[in-house]
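Undergrad: With the sequence up front, the predicted model follows.
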Protein chains: 2
Amino acid sequence: VIGMIVHEKQLIQQIRRAAEAGRSRRSVVTGIGDDCAVLRVPAGHEMLVTTDFSIENVHFRRDWDPPELIGRRCLTRGLSDIAAMGGEPVAAFLSLAVAADVPQKWVDRFLKGLLQLASEFDVPLAGGDTAQSATGIQADIVVVGSVPKGKAVLRSGAKVGDFIYVTGELGGAGAALARLRASQPVGAAYSKHAHPMPQLAVGQWLRRRGLASAMIDLSDGLSTDLEHICEESGVGAEIESALVPKAKVEGGKLVALDLTLHGGEDYELLFTSSGKVPAKVADVTVTRIGRIVRGSEMRMIGADGKSSKLKAAGWEHFKGNL
Amino acid sequence: VIGMIVHEKQLIQQIRRAAEAGRSRRSVVTGIGDDCAVLRVPAGHEMLVTTDFSIENVHFRRDWDPPELIGRRCLTRGLSDIAAMGGEPVAAFLSLAVAADVPQKWVDRFLKGLLQLASEFDVPLAGGDTAQSATGIQADIVVVGSVPKGKAVLRSGAKVGDFIYVTGELGGAGAALARLRASQPVGAAYSKHAHPMPQLAVGQWLRRRGLASAMIDLSDGLSTDLEHICEESGVGAEIESALVPKAKVEGGKLVALDLTLHGGEDYELLFTSSGKVPAKVADVTVTRIGRIVRGSEMRMIGADGKSSKLKAAGWEHFKGNL
């Protein structure tokens, strides 16, 4: 019991120190050390709020990934959601519950990875909560952002005739997960997975130019996330399998199509547009992969030109098996 | 595994339905069903953000309290933090992880209690996250609020010579917890504990009149929460034990002084003021219990007039034993 309390006191102090560094930021009026954080929202802006769990043995395994990566991915989930609205992050909040038998070193390294990403995007950690957990690790990340009033890019704006685009290459994270699941080594070639990068600059660029009619981040997998856009927009979609950009892995090999369609955690952006979208936005490759059609069905046109039904088979499908 | 997924799908739908009810609110532009919720902040206001865990066997026990109360207390934690800043709640977000063996009925009743309190204060549930947990129940509540720019009441504003006040009566929740711990029945006399009530109206009233120099909510216990004010304000405090308002329990009996000093979860407000504070604010009794003094020590003047050191011995002290 003493061990637990020490653990939590250290945690609170660590998060507090990190949060105090954020106090210098104009957007954070008051950080940790009060009942609430006080944040400044730019005039004429609306607030964005997103919350995402990272739970041991559900979203991650301690024996599969280094703690820095787990921490980084925890914050990536939130920042990527802000990116998908075309927003700018204002502050992050971490609620972290840790069991007494989790080494302090693990927690240190988890926080290091999370704070490293926060620093890359200049997002202050402005608060959170800590607790002992009965078993394992449960983290909940909250990211608050802002976007000019009425300009948030929603999932519901896709129109028939819009083209469908993705940023970057897909399937890298899924390929790394598949190797971990098969107890195979995960080398440097999977560095994309090792360092997910929320596409904030791309999302903001598209929002400023009004170029994205609908947008979502690819956290669950292309098929599942595209289905969310279709459902919210009341449309169907058609993907050309040959156009889907495949991540490169060991020896320059491209990942299998299945992983690009259903592998999750790439944290790229999926969006629709009726406008002229350049092949590169904010130094990130953007690829047209299909178009929005009438109806509610998702279809895929294969390399042989044949059309088949595309079923959502991303994260929802995998998660029982982690 | 199938059971878990059904569980989570139901959960998402339940939270989504609740959140859709909130969409009609002016402050919630977009609720669940997108990457982020989009919230409107009144012009000239700053945002408040607070996050609080409610973890099984740390913050609550399923065999001690009905699920409705656990759900209500979960949201109370967040609303009470908003009250302590003098703020107004804008929206709530619930991240809920539940193990497969938790009955759906328990989750239904937990949500019912939480949504009942949300409805009492007209706070929309605007989003959140759901997950399977490896074991037990972990909830993280986020409440976003707003307060006119520069007007948030902090913990750090107490000045030497200010009087110290509390709302309501203290120790009721601690008395109920003591009975549960001793396997004694908890009757109607403990209804205060059964229905914690965040003091939003009192907090807002004090903030509008600029009457509170520092404020905190009594979640951890008077001694621990007063210490937070002293630390953040760089002052000491002197409490008169005879002035501390004691909750009434069975047979009109008053709770023991110890419970009023160190029992947590009363969710009353503790504040300091140099002004003229009425004995009732927003229909809630307000009691002067002491004053802010030089130094950093907390002292208590007993019924016999003798002064002794008051040590913080609230929640931090108890939590290993729940």
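TA: Here it is on my side, so go on. Residues are numbered from 1 along each chain as shown, chains lettered A, B, ... in the order given.
Undergrad: which strand residues sit across from the nearest residue to residue A:127 once chain neighbours are set aside in the sheet?
TA: Computed as C-beta to C-beta, 6 or more residues apart in numbering or on different chains, the closest residue to residue A:127 that is not its neighbour in sequence is residue A:37, at 4.3 Å. All C-beta atoms are positioned from the backbone trio N, CA, C, and that covers glycine. The bridge-partner assignment for residue A:37, based on DSSP bridges, gives residue B:49.
Undergrad: So residue A:37 sits against residue A:28, correct?
TA: Yes: here residue A:37 lies in contact with residue A:28, judged by C-beta atoms under 8 Å, at a distance of 6.7 Å.
Undergrad: list residues touching both of the two?
TA: Taking C-beta atoms under 8 Å, 6 or more residues apart in numbering or on different chains as the criterion, residue A:37 and residue A:28 both touch A:91, A:126.
Undergrad: the more surrounded of these two?
TA: Comparing residue A:37 with residue A:28 by other C-beta atoms under 10 Å in any protein chain shown, the one with more neighbours is residue A:37, at 31 against 21.
Undergrad: on that earlier part again, mind listing what the residue nearest to residue A:127 touches?
TA: Listed by C-beta under 8 Å, 6+ apart, the contact partners of residue A:37 are A:28, A:30, A:31, A:91, A:93, A:126, A:127, B:48, B:49, B:50.
Undergrad: Looking at the residues you listed, which are in strands?
TA: Residues of those located in strands (DSSP state E): A:28, A:30, A:91, A:93, A:126, A:127, B:48, B:49, B:50.
Undergrad: Turn the residues you listed into JSON lines, including pLDDT and distance to residue A:163.
TA: Below are the ones in strands among the contacts of residue A:37 laid out as JSON lines (pLDDT from 0 to 100; distance: C-beta to C-beta, whole Å):
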{"residue": "A:28", "pLDDT": "81", "distance to residue A:163": "39"}
{"residue": "A:30", "pLDDT": "77", "distance to residue A:163": "45"}
{"residue": "A:91", "pLDDT": "94", "distance to residue A:163": "35"}
{"residue": "A:93", "pLDDT": "94", "distance to residue A:163": "37"}
{"residue": "A:126", "pLDDT": "91", "distance to residue A:163": "38"}
{"residue": "A:127", "pLDDT": "88", "distance to residue A:163": "41"}
{"residue": "B:48", "pLDDT": "96", "distance to residue A:163": "41"}
{"residue": "B:49", "pLDDT": "96", "distance to residue A:163": "37"}
{"residue": "B:50", "pLDDT": "96", "distance to residue A:163": "42"}
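Undergrad: can these go into a markdown table with extra columns for distance to residue B:303?
TA: Below are the ones in strands among the contacts of residue A:37 laid out as a markdown table (distance: C-beta to C-beta, whole Å):
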| residue | distance to residue B:303 |
| --- | --- |
| A:28 | 45 |
| A:30 | 38 |
| A:91 | 47 |
| A:93 | 43 |
| A:126 | 43 |
| A:127 | 40 |
| B:48 | 39 |
| B:49 | 42 |
| B:50 | 37 |
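Undergrad: Please identify the helix or strand for the nearest residue to residue A:311 once chain neighbours are set aside.
TA: Once flanking residues are discounted, residue A:311 sits nearest to residue A:223: 6.6 Å by C-beta to C-beta, 6+ apart. Secondary-structure element containing residue A:223, defined by DSSP states H and E: helix A:222-233.
Undergrad: Quick check: mean pLDDT of that helix?
TA: Averaged over helix A:222-233, pLDDT sits at 96.
Undergrad: any weak-confidence spans in the stretch 1-150 of chain A?
TA: Within the stretch 1-150 of chain A, the segments meeting pLDDT under 70 span A:1-12, A:18-26.
Undergrad: Repeat the analysis, applying 90 as the threshold.
TA: By pLDDT under 90, the low-scoring segments of the stretch 1-150 of chain A are A:1-34, A:41, A:57-59, A:64, A:127-135.
Undergrad: Return the residues in contact with the most centrally placed residue in chain A.
TA: Nearest to the mean C-alpha position of chain A, by C-alpha atoms, centre = their mean, lies residue A:77 at 3.4 Å. For residue A:77, the contacting residues are A:52, A:54, A:141, A:219, A:267, by C-beta under 8 Å, 6+ apart.
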